[in-house]
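Visitor: have a look at this prediction, sequence included:
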Amino acid sequence: MSDSLVIIPTYNEIENIEAIIRAVFVLKTNFHVLIVDDNSPDGTSIEVKKLQQEFSDRLFLEIRQEKSGLGTAYIHGFKWAIEKKYDYIFEMDADFSHTPSDLLRLHNACRNGADVAVGSRYKKGVNVVDWPLHRVLLSYGASFYVKIITGMRVHDPTAGFVCYKRNVLENLDLDSIRFVGYAFQIEMKFRAYVKNYKIEEISIIFRDRVKGKSKMSSSIVNEAIFGVLKMKMRSIFQKNRF
């Protein structure tokens, strides 16, 4: 039995899914993987089922009926992981934007005192490869904005490469999470920050996806920009319930 679960949400990741799963399983640490697939029409879940024949004790699959947002996919995975009693619960993209071997560094950080370990693109300058300049500026600017509004000293609050200790997720009231897009990542870190959990950033190199299509949209950006202020106000006026 492993104490560590990597949650990978998917929608139309047929080009990446086998490679990313195998890349996790070759690591020295015995990670388990949970794929949360939003009923991908490209057959992503079918490919995962095939791989389950080879990795029956390490690879798990949850299929949702429709595409319902990144945040709800992760919450689905978090609840599954809590029920199964994993101690370290990871978020990671399917598209190799996150280097699988960096899971070891996030794991090590949480085993040595961090409650939340964040794979950070901006802890040491800007470590992003193959993004167009406007997207780098948008992401970096959003991170600066979040720090100003929330007071949270996390250089990369929108990062989606994270390790949580189980007790953190058990105490964050997952059913009250408001955001469903990339702002979900901000809200999760902010709620951990408000509860005084130790958040440690681990510098990583982030690479743009090579295969498949990005899920970024204007609605996701708007949620992040305008939702952060509302989130901060809720934390002030609903402090006991936040």
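Guide: Structure's in. What do you need?

Visitor: where does Asn108 land in three-state SS?
Guide: Judged by DSSP: H, G, I helix; E, B strand; the rest coil, the three-state class of Asn108 is helix.

Visitor: my guess is Phe161 meets Val116, correct?
Guide: No: contact criterion CB atoms under 8 Å: Phe161 and Val116 do not qualify, at 11.7 Å. Yep, even glycine has a C-beta here, placed from its N, CA and C like the rest.

Visitor: what comes up buried for stretch 195-212?
Guide: By 16 or more other CB atoms under 10 Å, the buried positions in stretch 195-212 come out as Tyr197, Ile199, Glu200, Glu201, Ile202, Ser203, Ile204, Phe206, Arg207, Arg209, Gly212.

Visitor: out of those, flag the one nearest to Phe90.
Guide: Among these, Ile202 lies closest to Phe90 (CB to CB), at 12.1 Å.

Visitor: may I see the buried residues of stretch 195-212 organised as JSON lines, with secondary structure and distance to Ile75 added?
Guide: Supplementary listing: those in JSON lines, determined by DSSP: H, G, I helix; E, B strand; the rest coil; distance: CB to CB, whole Å:
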{"residue": "Tyr197", "secondary structure": "coil", "distance to Ile75": "18"}
{"residue": "Ile199", "secondary structure": "strand", "distance to Ile75": "19"}
{"residue": "Glu200", "secondary structure": "strand", "distance to Ile75": "23"}
{"residue": "Glu201", "secondary structure": "strand", "distance to Ile75": "23"}
{"residue": "Ile202", "secondary structure": "strand", "distance to Ile75": "23"}
{"residue": "Ser203", "secondary structure": "strand", "distance to Ile75": "27"}
{"residue": "Ile204", "secondary structure": "coil", "distance to Ile75": "24"}
{"residue": "Phe206", "secondary structure": "strand", "distance to Ile75": "23"}
{"residue": "Arg207", "secondary structure": "strand", "distance to Ile75": "26"}
{"residue": "Arg209", "secondary structure": "coil", "distance to Ile75": "23"}
{"residue": "Gly212", "secondary structure": "coil", "distance to Ile75": "23"}
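
Visitor: right, I'll call it a day here.
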